[in-house]
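[1] no sequence for this one, just the structure:
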(Lines give C-alpha, C1' and ligand atoms only; values in the text may rest on other atoms or scores of the structure.)
Protein backbone atom coordinates (compact mmCIF):
# COMPACT_ATOMS: atom_id res chain seq x y z
CA UNK A 1 0.00 0.00 0.00
CA UNK A 2 0.96 3.67 -0.23
CA UNK A 3 0.93 5.70 2.97
CA UNK A 4 0.10 9.39 3.17
CA UNK A 5 3.71 10.48 2.70
CA UNK A 6 4.05 8.39 -0.45
CA UNK A 7 6.19 5.58 0.95
CA UNK A 8 5.30 1.90 0.70
CA UNK A 9 5.02 -0.87 3.25
CA UNK A 10 2.92 -1.76 6.28
CA UNK A 11 1.80 1.00 8.62
CA UNK A 12 0.95 0.57 12.30
CA UNK A 13 -1.71 3.00 13.54
CA UNK A 14 -2.38 3.38 17.28
CA UNK A 15 -5.41 5.36 18.46
CA UNK A 16 -6.12 6.49 22.02
CA UNK A 17 -9.71 6.85 23.12
CA UNK A 18 -10.43 3.90 20.85
CA UNK A 19 -13.52 2.79 22.79
CA UNK A 20 -15.29 6.09 22.08
CA UNK A 21 -17.45 6.92 19.06
CA UNK A 22 -14.77 8.78 17.11
CA UNK A 23 -12.01 6.34 18.06
CA UNK A 24 -14.01 3.41 16.73
CA UNK A 25 -15.01 5.38 13.63
CA UNK A 26 -11.34 6.11 12.95
CA UNK A 27 -10.45 2.44 13.30
CA UNK A 28 -13.17 1.54 10.80
CA UNK A 29 -12.04 4.29 8.42
CA UNK A 30 -8.40 3.17 8.59
CA UNK A 31 -9.44 -0.44 7.96
CA UNK A 32 -10.98 0.67 4.65
CA UNK A 33 -7.71 2.09 3.34
CA UNK A 34 -6.21 0.33 0.25
CA UNK A 35 -4.73 -3.09 1.07
CA UNK A 36 -5.86 -2.68 4.67
CA UNK A 37 -5.77 -6.43 5.34
CA UNK A 38 -2.03 -6.55 4.64
CA UNK A 39 -0.76 -3.01 4.81
CA UNK A 40 -2.27 -1.54 7.98
CA UNK A 41 -2.04 -2.85 11.53
CA UNK A 42 -4.51 -1.24 13.93
CA UNK A 43 -3.89 -0.79 17.66
CA UNK A 44 -6.70 0.37 19.95
CA UNK A 45 -5.49 2.08 23.13
CA UNK A 46 -8.19 2.21 25.80
CA UNK A 47 -8.44 2.80 29.53
CA UNK A 48 -10.75 -0.18 30.03
CA UNK A 49 -10.36 -3.93 29.76
CA UNK A 50 -13.55 -4.62 27.80
CA UNK A 51 -12.69 -6.12 24.37
CA UNK A 52 -13.69 -4.06 21.36
CA UNK A 53 -15.93 -5.69 18.79
CA UNK A 54 -15.36 -3.73 15.60
CA UNK A 55 -17.14 -4.70 12.39
CA UNK A 56 -17.24 -3.30 8.90
CA UNK A 57 -20.36 -2.43 6.88
CA UNK A 58 -20.78 -6.09 5.90
CA UNK A 59 -20.61 -7.25 9.52
CA UNK A 60 -17.15 -8.76 9.17
CA UNK A 61 -14.87 -8.43 12.21
CA UNK A 62 -12.04 -5.90 11.87
CA UNK A 63 -8.74 -7.23 13.26
CA UNK A 64 -7.53 -4.85 15.97
CA UNK A 65 -4.88 -5.25 18.63
CA UNK A 66 -6.09 -3.82 21.93
CA UNK A 67 -3.87 -2.44 24.69
CA UNK A 68 -4.90 -0.86 27.99
CA UNK A 69 -3.23 2.23 29.45
CA UNK A 70 -3.94 4.78 32.17
CA UNK A 71 -3.53 8.54 32.41
CA UNK A 72 -0.23 9.31 34.15
CA UNK A 73 1.33 6.02 33.05
CA UNK A 74 2.22 7.08 29.51
CA UNK A 75 5.78 5.77 29.76
CA UNK A 76 4.42 2.22 30.02
CA UNK A 77 3.48 2.54 26.33
CA UNK A 78 7.09 2.98 25.23
CA UNK A 79 7.58 -0.63 24.01
CA UNK A 80 4.38 -0.41 21.96
CA UNK A 81 5.27 3.00 20.50
CA UNK A 82 8.52 1.59 19.15
CA UNK A 83 6.54 -0.13 16.38
CA UNK A 84 3.96 2.62 15.75
CA UNK A 85 4.01 4.78 12.62
CA UNK A 86 0.90 6.91 13.19
CA UNK A 87 -0.17 7.84 16.73
CA UNK A 88 -3.64 9.39 17.02
CA UNK A 89 -4.23 11.20 20.32
CA UNK A 90 -7.98 11.21 20.59
CA UNK A 91 -8.90 10.54 24.24
CA UNK A 92 -10.78 13.09 26.31
CA UNK A 93 -13.52 13.79 28.85
CA UNK A 94 -16.21 16.43 29.05
CA UNK A 95 -17.71 17.11 32.48
CA UNK A 96 -20.17 19.82 31.58
CA UNK A 97 -21.04 22.41 34.26
CA UNK A 98 -18.29 21.14 36.58
CA UNK A 99 -15.80 23.59 38.10
CA UNK A 100 -14.47 21.87 41.23
CA UNK A 101 -10.76 21.46 41.89
CA UNK A 102 -11.01 17.72 41.24
CA UNK A 103 -12.88 18.19 37.96
CA UNK A 104 -10.41 20.85 36.83
CA UNK A 105 -7.43 18.64 37.63
CA UNK A 106 -8.97 15.70 35.78
CA UNK A 107 -9.87 17.75 32.69
CA UNK A 108 -6.36 19.18 32.41
CA UNK A 109 -4.72 15.79 32.89
CA UNK A 110 -6.92 13.86 30.46
CA UNK A 111 -7.57 16.47 27.78
CA UNK A 112 -4.21 18.23 27.67
CA UNK A 113 -1.27 17.00 29.74
CA UNK A 114 -1.51 13.29 28.94
CA UNK A 115 -1.56 14.01 25.19
CA UNK A 116 1.42 16.34 25.59
CA UNK A 117 3.36 13.64 27.46
CA UNK A 118 2.54 11.05 24.79
CA UNK A 119 3.64 13.48 22.06
CA UNK A 120 7.00 13.99 23.79
CA UNK A 121 7.41 10.26 24.48
CA UNK A 122 6.69 9.30 20.88
CA UNK A 123 9.16 11.91 19.60
CA UNK A 124 11.82 10.50 21.93
CA UNK A 125 11.12 6.94 20.77
CA UNK A 126 11.27 7.96 17.10
CA UNK A 127 14.63 9.70 17.57
CA UNK A 128 16.10 6.53 19.05
CA UNK A 129 14.93 3.98 16.48
CA UNK A 130 16.23 3.36 12.96
CA UNK A 131 14.24 5.31 10.40
CA UNK A 132 15.45 3.66 7.20
CA UNK A 133 12.68 2.08 5.16
CA UNK A 134 9.87 3.40 7.34
CA UNK A 135 7.35 6.15 6.57
CA UNK A 136 7.78 9.43 8.43
CA UNK A 137 6.12 8.95 11.83
CA UNK A 138 3.00 11.02 12.38
CA UNK A 139 1.04 12.27 15.38
CA UNK A 140 -2.59 13.26 14.90
CA UNK A 141 -3.89 15.35 17.81
CA UNK A 142 -7.60 15.92 18.33
CA UNK A 143 -7.71 19.42 19.82
CA UNK A 144 -11.34 20.08 18.81
CA UNK A 145 -13.17 23.18 17.64
CA UNK A 146 -13.25 24.17 21.32
CA UNK A 147 -9.80 25.71 20.74
CA UNK A 148 -11.49 28.80 19.31
CA UNK A 149 -15.27 28.28 19.62
CA UNK A 150 -17.57 27.94 22.64
CA UNK A 151 -18.32 24.34 23.55
CA UNK A 152 -20.74 25.24 26.38
CA UNK A 153 -18.39 23.42 28.74
CA UNK A 154 -15.77 25.75 30.30
CA UNK A 155 -13.41 23.05 31.56
CA UNK A 156 -13.46 21.30 28.19
CA UNK A 157 -12.65 24.59 26.45
CA UNK A 158 -9.84 25.48 28.87
CA UNK A 159 -8.17 22.08 28.62
CA UNK A 160 -8.47 21.83 24.82
CA UNK A 161 -7.09 25.36 24.41
CA UNK A 162 -4.14 24.43 26.60
CA UNK A 163 -3.53 21.37 24.42
CA UNK A 164 -3.67 23.54 21.31
CA UNK A 165 -1.12 25.94 22.79
CA UNK A 166 1.21 23.08 23.75
CA UNK A 167 0.98 21.54 20.28
CA UNK A 168 1.78 24.87 18.61
CA UNK A 169 4.74 25.47 20.92
CA UNK A 170 6.30 22.01 20.70
CA UNK A 171 5.66 21.66 16.95
CA UNK A 172 8.43 24.22 16.47
CA UNK A 173 10.93 21.55 17.59
CA UNK A 174 9.10 18.26 16.99
CA UNK A 175 7.43 18.94 13.64
CA UNK A 176 8.36 20.50 10.33
CA UNK A 177 11.30 19.61 8.10
CA UNK A 178 13.80 19.47 10.97
CA UNK A 179 11.66 17.62 13.51
CA UNK A 180 11.24 13.86 13.97
CA UNK A 181 7.46 13.90 13.43
CA UNK A 182 4.76 15.07 11.12
CA UNK A 183 2.11 16.64 13.33
CA UNK A 184 -1.50 16.88 12.18
CA UNK A 185 -4.08 18.81 14.19
CA UNK A 186 -7.70 17.59 14.10
CA UNK A 187 -10.16 20.43 14.63
CA UNK A 188 -13.56 18.79 14.77
CA UNK A 189 -17.00 20.26 15.17
CA UNK A 190 -19.88 18.69 17.12
CA UNK A 191 -20.38 15.01 16.27
CA UNK A 192 -22.56 12.50 18.04
CA UNK A 193 -20.80 10.64 20.85
CA UNK A 194 -21.10 9.81 24.53
CA UNK A 195 -19.56 13.22 25.25
CA UNK A 196 -22.03 14.98 22.96
CA UNK A 197 -25.18 12.95 22.21
CA UNK A 198 -26.77 15.82 20.23
CA UNK A 199 -23.87 16.42 17.85
CA UNK A 200 -24.77 17.49 14.33
CA UNK A 201 -22.45 15.08 12.48
CA UNK A 202 -21.95 11.34 12.57
CA UNK A 203 -18.61 10.04 13.87
CA UNK A 204 -18.06 7.86 10.79
CA UNK A 205 -18.59 10.85 8.49
CA UNK A 206 -16.08 12.93 10.48
CA UNK A 207 -13.50 10.10 10.46
CA UNK A 208 -13.78 9.60 6.70
CA UNK A 209 -13.41 13.34 6.09
CA UNK A 210 -10.35 13.49 8.36
CA UNK A 211 -8.62 10.71 6.44
CA UNK A 212 -9.56 12.29 3.11
CA UNK A 213 -7.93 15.58 4.14
CA UNK A 214 -4.85 13.72 5.37
CA UNK A 215 -4.54 12.04 1.96
CA UNK A 216 -4.55 15.53 0.43
CA UNK A 217 -1.54 16.42 2.60
CA UNK A 218 -3.31 18.65 5.13
CA UNK A 219 -1.69 19.12 8.53
CA UNK A 220 -4.57 21.27 9.79
CA UNK A 221 -7.61 19.03 9.39
CA UNK A 222 -10.95 20.78 9.96
CA UNK A 223 -14.32 19.02 9.87
CA UNK A 224 -17.23 21.13 11.06
CA UNK A 225 -20.51 22.60 9.83
CA UNK A 226 -19.40 26.01 11.15
CA UNK A 227 -17.90 28.03 8.24
CA UNK A 228 -16.23 30.49 10.62
CA UNK A 229 -13.87 27.79 11.85
CA UNK A 230 -12.42 27.31 8.36
CA UNK A 231 -11.47 31.00 8.38
CA UNK A 232 -10.53 31.60 12.01
CA UNK A 233 -8.60 28.41 12.81
CA UNK A 234 -5.85 28.81 10.17
CA UNK A 235 -5.40 32.46 11.16
CA UNK A 236 -5.34 31.57 14.85
CA UNK A 237 -2.82 28.77 14.30
CA UNK A 238 -0.57 30.94 12.13
CA UNK A 239 -0.65 33.81 14.62
CA UNK A 240 0.23 31.54 17.50
CA UNK A 241 3.06 29.92 15.50
CA UNK A 242 4.54 33.35 14.68
CA UNK A 243 4.23 34.48 18.31
CA UNK A 244 5.96 31.39 19.71
CA UNK A 245 8.58 31.47 16.95
CA UNK A 246 9.47 35.08 17.73
CA UNK A 247 9.59 34.81 21.52
CA UNK A 248 11.07 31.36 22.21
CA UNK A 249 14.27 29.48 21.44
CA UNK A 250 14.91 25.77 20.96
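    That came in fine, so what should we check first? These figures come from a predicted structure and were not determined experimentally.
[2] hmm, who's touching the host helix or strand of residue 211?
    Here residue 211 sits within helix 203-215, counting by DSSP states H and E. Outside helix 203-215, the residues that touch it by C-beta atoms under 8 Å, 6 or more residues apart in numbering are 4, 21-22, 24-26, 28-30, 33, 140, 184, 186, 188-189, 191-193, 221-223. (Glycine included, C-beta is placed from N, CA and C.)
[3] sketch out the low-pLDDT regions of the protein for me.
    1-9, 34-38, 131-133, 194-198 (pLDDT under 70).
[4] where exactly do the strands run in it?
    Assigned by DSSP state E, the strands in the chain fall at 11-16, 40-46, 65-68, 86-89, 138-142, 182-188, 220-223.
[5] could I get these as CSV with mean neighbour count and distance to residue 163?
    Below are the strands of the chain laid out as CSV (neighbours: other C-beta atoms under 10 Å; distance: least, C-beta to C-beta, whole Å):
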stretch, mean neighbour count, distance to residue 163
strand 11-16, 23, 13
strand 40-46, 22, 17
strand 65-68, 14, 22
strand 86-89, 26, 9
strand 138-142, 24, 7
strand 182-188, 23, 10
strand 220-223, 19, 15
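[6] right, and those - which one's nearest residue 122?
    Residue 122 lies closest, by C-beta to C-beta, to one member of those: strand 86-89, at 5.2 Å.
[7] returning to that earlier point: buried residues, the helix holding residue 211. List them.
    For helix 203-215, the neighbour count (16 or more other C-beta atoms under 10 Å) marks 203, 204, 206, 207, 208, 209, 210, 211, 213, 214 as buried.
[8] do the same with stretch 142-151
    Residues 142, 143, 144, 145, 146, 147, 148, 149, 151 are the ones in stretch 142-151 that count as buried (16+ other C-beta under 10 Å).
[9] ok, now which ones touch residue 92?
    17, 110, 111, 142, 144, 156, 160, 195.
[10] for residue 146, see how far away it is.
    Going from residue 92 to residue 146 by C-beta to C-beta, to the nearest Å gives 10 Å.
[11] returning to that earlier point: ok, of the buried residues of helix 203-215, which one's closest to residue 175?
    For the buried residues of helix 203-215, the minimum distance to residue 175 (C-beta to C-beta) is 14.7 Å, reached by residue 214.
[12] how far away is the closest one from residue 101?
    For residue 214, the distance to residue 101 - C-beta to C-beta - is 38 Å.
[13] and if you look at residue 204?
    37 Å.
[14] what does residue 150 give?
    Distance from residue 150 to residue 101, by C-beta to C-beta: 23 Å.
[15] distance-wise, check residue 214 relative to residue 26.
    Distance, residue 214 to residue 26, by C-beta to C-beta: 11 Å.
[16] give me the common contacts of the two.
    Common neighbours of residue 214 and residue 26 are not found (criterion: C-beta under 8 Å, 6+ apart).
[17] picking that back up, now the buried residues of helix 203-215 in TSV, with distance to residue 83?
    Shown next, in TSV, are the buried residues of helix 203-215 (distance: C-beta to C-beta, whole Å):
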residue	distance to residue 83
203	27
204	27
206	27
207	23
208	26
209	28
210	23
211	21
213	26
214	21
